[in-house]
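Asker: Test case, fold it:
(chains A and B)
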There are 2 protein chains.
Amino acid sequence: MAEKFYSERDLNFHLYEVNDVASLTGYPLFADHSRETFDMVIETAKNIAIDHMRPFFTEMDRQPPQYINGGIRVHPSVKNYMKICGEGGWINAPFPYEMGGQQIPLSINNAAQFIFSAANYSLSVYPHLTTGAAHLIMSFGTQELKDRYVPKMFAGQWQGTMALTEPEAGSSLSDVVTSAEPTDKGYYRITGQKTFISAGDCDSADNIIHLMLARVKGAPAGVKGLSLFVVPKFRIADKGKLEPNDVACAGCYHKMGYRGSPIAQLSMGENGDCRGWLLGSENKGLTYMFQMMNEARVGVGIGAVAIATAAYHASLEYAKERLQGRNVLEKDPTKPQLAIIEHADVRRMLLNQKVISEGGLALAIYCGKLVDLVHVSSGEEKERSELLLEILTPVVKTYPSEMGIISTSLGVQCLGGYGYCDDFPLEQHMRDMRIHPIHEGTTGIQAMDLLGRKATMKNGKALMAFAAEVESAVNRASSFDRTKDRAAELKESLELLKGVSMHLMGIAMKGNIDRFLSDATLYLEFFGYVAIAWQWLLQGMVAAGALAKKPAAQDADFYEGKLHAMDFFFEYELPKCLGLAKRLRSEKTVTLDVKREHF
Amino acid sequence: MAEKFYSERDLNFHLYEVNDVASLTGYPLFADHSRETFDMVIETAKNIAIDHMRPFFTEMDRQPPQYINGGIRVHPSVKNYMKICGEGGWINAPFPYEMGGQQIPLSINNAAQFIFSAANYSLSVYPHLTTGAAHLIMSFGTQELKDRYVPKMFAGQWQGTMALTEPEAGSSLSDVVTSAEPTDKGYYRITGQKTFISAGDCDSADNIIHLMLARVKGAPAGVKGLSLFVVPKFRIADKGKLEPNDVACAGCYHKMGYRGSPIAQLSMGENGDCRGWLLGSENKGLTYMFQMMNEARVGVGIGAVAIATAAYHASLEYAKERLQGRNVLEKDPTKPQLAIIEHADVRRMLLNQKVISEGGLALAIYCGKLVDLVHVSSGEEKERSELLLEILTPVVKTYPSEMGIISTSLGVQCLGGYGYCDDFPLEQHMRDMRIHPIHEGTTGIQAMDLLGRKATMKNGKALMAFAAEVESAVNRASSFDRTKDRAAELKESLELLKGVSMHLMGIAMKGNIDRFLSDATLYLEFFGYVAIAWQWLLQGMVAAGALAKKPAAQDADFYEGKLHAMDFFFEYELPKCLGLAKRLRSEKTVTLDVKREHF
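Answerer: Numbering: from 1, shown residues only, chains lettered A, B, ... in the order given. All right, here's what the predicted structure looks like:
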């Protein structure tokens, strides 16, 4: 399967032409890097994706993980890919030198992750999870814990996981009941069950290192009593020998898509001998987790964008080749059929995919750079970056996840009946996509985060920082002929969003918190359209500027395509704010009034 | 699997309280029937669905048809179900007595089809296809053809198909190349290939009777040269012996969903001996097909509504039982968790499913009654019914198909991670749903039909008939306290639709046909919201009227539920017209301006 699953030209456009990621090398942390090393990273990622990931895209779906003899058998390509990632330094690439990393900016690491995820999403998560788990140990663990676990994880030999969810504690982490009983031997005795743990067991790794939320006996109820533990599948006994740690894999879910990655059920301490090592202090578990949350959620956004991108390119390729029908003005049935890309409705479906995938990528790259700036900058720039990252995180997680369902579905539709069949990758992309509005915090949870926390934090300072960024783009875009009308429209939508925000906050200030939050999901959708319109305006400005310099034909086509896509977003997507604003300002509280007996 | 997959109460509401289907018995054709016989039909359908269909819902998905030794092996339940349908008279139920049928109104037959499809969509299509094929033979075939094929089809022993699509002729039927060469023996020699033929081969039947479009040698190019043939898999030789008819099954597609029904590739005349028998006259094939088209497309709408309904009830059941989280006002984590139906955002997702599935069912039952009225009425009533059926057919086919993707996806979301796993039926419902915007004319084709043909037919008479119906409902609803505000809103949306229609027709009248049709899909979406809002207003009026009579508690809950759902549709769905209207009135022609090099 050698077909195009992303556009190098487009990725470079976001990284260098719109976001000037190369400027990060001006900060000491990234001073050893240059545009050339960045290009090398991305080129290498591309080659890995083509050689070791994309070839297994279909096969891993058709041969999903199996639960056999108490363990989970995964596709053989996983072990190979983890080895490549370990040897190539991909698992610890963004970490500081002193942690064994390469100090690659997250912007560039995300770009590589985008390529991996577009090639084969299921395969891409294994090292990604390991990075996240190792990051927690590196950030909050003792030197002993670091030395014991991290090197094998970085080498791709041991798999990392995030073990949060339990059968009765999914969206409500407050209800985690897995317990940890202190001993006088430096570890805690863990008892409980976890479910929906990605890569929670797999025969591709010699050991599985769970970063697990549990409640120390006697800890406060709710999230304030959660602690974070390292709970390995095999603990390290004398002379480094691995011995079972009483972590049993109780099963493996079979899923709609994302089938190359096993989602496990785990049972700890069935024999009273599961040991966990505390990270940091007791009862700070969720705080630690949340320090990784923004990056993790940007990562989900990247994954969703990547799948939407692969689906877009697959349907685009088909639309350029498939002959069917004639122009509506052509009445002569003996004339040859047209490539379906010549039909307005097919172009609409392609442009819709293009604005979702490239608009989502724009926002994801932007947010990745914000993470970098939070790390390296100081003073006002750091504060601005933090505020923007806070408010944009639920958006960059959700927009590509929710719109990605629509986008991949449009990809299916472009192919008609073939899109529904598994001879083409579209139906799998649509199935793979569907996990994203669920994992790493559902859309409903993101929406409460945006409206209930982020929009109101520091007296609305994050919201104001966002508005200031949008207004600055509007002002700049007003000086280009090709973008000035769109700038005015974005300004109008932003004012609408501000008005709706004020309206909702008025409700909150009167103490009607349930009503304030009842349509948070619609508010998040609204915010998403404005944020992506802003990203398209930024792209449009760069394209207009580049076209003014009379580039070569191929580049000119690329920039013209950007401007047409920007126009499409403003014509077809942004007007959806009108209906959302109408609803968000309505006095009727249907979802609060209806009772369960009415269903 | 004994869970609820539709609501009897709701189905009866649509049939008898809103649409007064019982009044059909006043027409001579249905005079032998009564509310009691209708109830008996529906009760029997329910029992068949529970006993013989729902139990195989999951299994047929996991054990899809297989192509073995040149034929397709399907799940064993198919043969049993076809036998039940044959013996129970389900395949010819709506046909006149003289055709061996029971003269059941299509309204009632559709209600039964709704139950079957909700229980197990894949299984429901086998007899449904056979009915359609037999209907064509009964309508246009010679007595000899009728005698030869129809009895075995009605008995459920022979499977019927619609064989239109070819590898190079999907949406463009104009490009069908399967050829038919006349002989002097009463049959034609058929050569060609067909693809995506539902139930195109299956070992559940002793014979497969294809109703096939082909081009008689020398016929005009385009759709005007298409003829309709009966092409059996086995032809009938002397003494009724079946002999192969040179129809080879070349393969079977593997699909995203709808996996219990095989979609076959066929090759006719590889040995020069495939015989087809002409139906009616040469070159009239598409005309004959189109006479069945409205009913077939209402049928697709029913199928989509049924799947959305089953998904809604599955997620509703889960939401009532699953405990997770607390009220946003509750800060004490030791308080017990709530059933998730108590969360506003979950109610939003349930109400959204409710308005799509029950609103879609309302329109489908309404359209089924229109088909009945076209058959039995005369004069003005017949003309009005015909006009309404013409303009509503693309809407009733598309609204449930497109919105059903969103609706089943919301069903998945209600269950969170469990929704994505195959332990629950939601993910399968979502996969099964995805075929509907594709088969029996894609959404793009329906949109061209609505805007290009139906909205303009007879100088806009069909559009005016629709507007008159909506206005009549608005006038009546203005006299109920609970519906009068909604009536005003519907009136406003209708005016917006009229305005957009005039705007678009102005473009057409200037000869800009490509521009006129370029956003036909958005126009169809817009039309759908208005049509479903109208159906919700009709339901709301009935509910308001019934509540005024102080019904028993359970009925009161049902009617209150209808009013809340109506409110939800007007608050959350209808405002989407604002954005669509803005786009449809815009002067910018993005999808016409963009070129293939820009992608």
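Asker: make it CA atoms for all contacts and neighbour counts henceforth
Answerer: Fine.
Asker: Which secondary structure state does A:Val177 sit in?
Answerer: Recorded secondary structure, A:Val177: coil (DSSP: H, G, I helix; E, B strand; the rest coil).
Asker: Count the neighbours of it for me.
Answerer: The local packing of A:Val177 (other CA atoms under 10 Å in any protein chain shown) involves 22 other residues.
Asker: gap between the two ends of stretch A:324-342?
Answerer: One end of stretch A:324-342 sits 10 Å from the other (CA to CA, to the nearest Å).
Asker: Over to stretch A:228-246?
Answerer: Using CA to CA, the end-to-end distance of stretch A:228-246 comes to 18 Å.
Asker: now that stretch, how far from the centre of its chain.
Answerer: In this view, stretch A:228-246 has its centroid 31 Å away from the chain centroid, taken as CA atoms, centre = their mean, to the nearest Å.
Asker: Distance check, A:Asn327 against B:Asp514.
Answerer: Taking CA to CA, one finds A:Asn327 at 8 Å from B:Asp514.
Asker: now do A:Pro96
Answerer: Using CA to CA, A:Pro96 is found at 58 Å from B:Asp514.
Asker: Next: A:Ser385.
Answerer: For A:Ser385 relative to B:Asp514 (CA to CA), the value is 47 Å.
Asker: Quick check on the two: which one has the bigger neighbour count.
Answerer: Taking other CA under 10 Å, A:Ser385 and B:Asp514 do not tie; A:Ser385 has more neighbours (23 against 16).
Asker: A:Ala308 sits in which helix or strand?
Answerer: helix A:285-321 (DSSP states H and E).
Asker: same deal with A:Asp203?
Answerer: Secondary structure assignment for A:Asp203, by DSSP H and E: no helix or strand.
Asker: Double-check it against A:Val74; I have them as touching.
Answerer: Yes. A:Asp203 is within contact range of A:Val74, at 6.3 Å (criterion: CA atoms under 8 Å).
Asker: which of these two has more neighbours?
Answerer: A:Val74 (22 against 18).
Asker: Report how many residues lie close to the spatially closest residue to A:Lys576 that is not a sequence neighbour.
Answerer: Distance criterion CA to CA, 6 or more residues apart in numbering or on different chains; nearest residue to A:Lys576, sequence neighbours excluded, is B:Gly579 at 4.8 Å. The number of residues packed near B:Gly579 is 20, by other CA under 10 Å.
Asker: wait, B:Gly579 sits on A:Cys577?
Answerer: Yes. Using CA under 8 Å, B:Gly579 is in contact with A:Cys577, at 7.2 Å.
Asker: quick one: contacts for the residue in the stretch 51-200 of chain A positioned nearest to chain B?
Answerer: Chain B sits closest to A:Ser172 of the stretch 51-200 of chain A, with a gap of 5.1 Å, by CA to the nearest CA. By CA atoms under 8 Å, 6 or more residues apart in numbering or on different chains, the contact list for A:Ser172 reads B:Gln324, B:Gly325.
Asker: ok, now how distant is it from B:Gln337?
Answerer: Taking CA to CA, one finds A:Ser172 at 9 Å from B:Gln337.
Asker: all helices of the stretch 101-250 of chain A, in order?
Answerer: With DSSP state H, counting those that start in this stretch as the criterion, the stretch 101-250 of chain A has helices at A:106-119, A:121-140, A:143-154.
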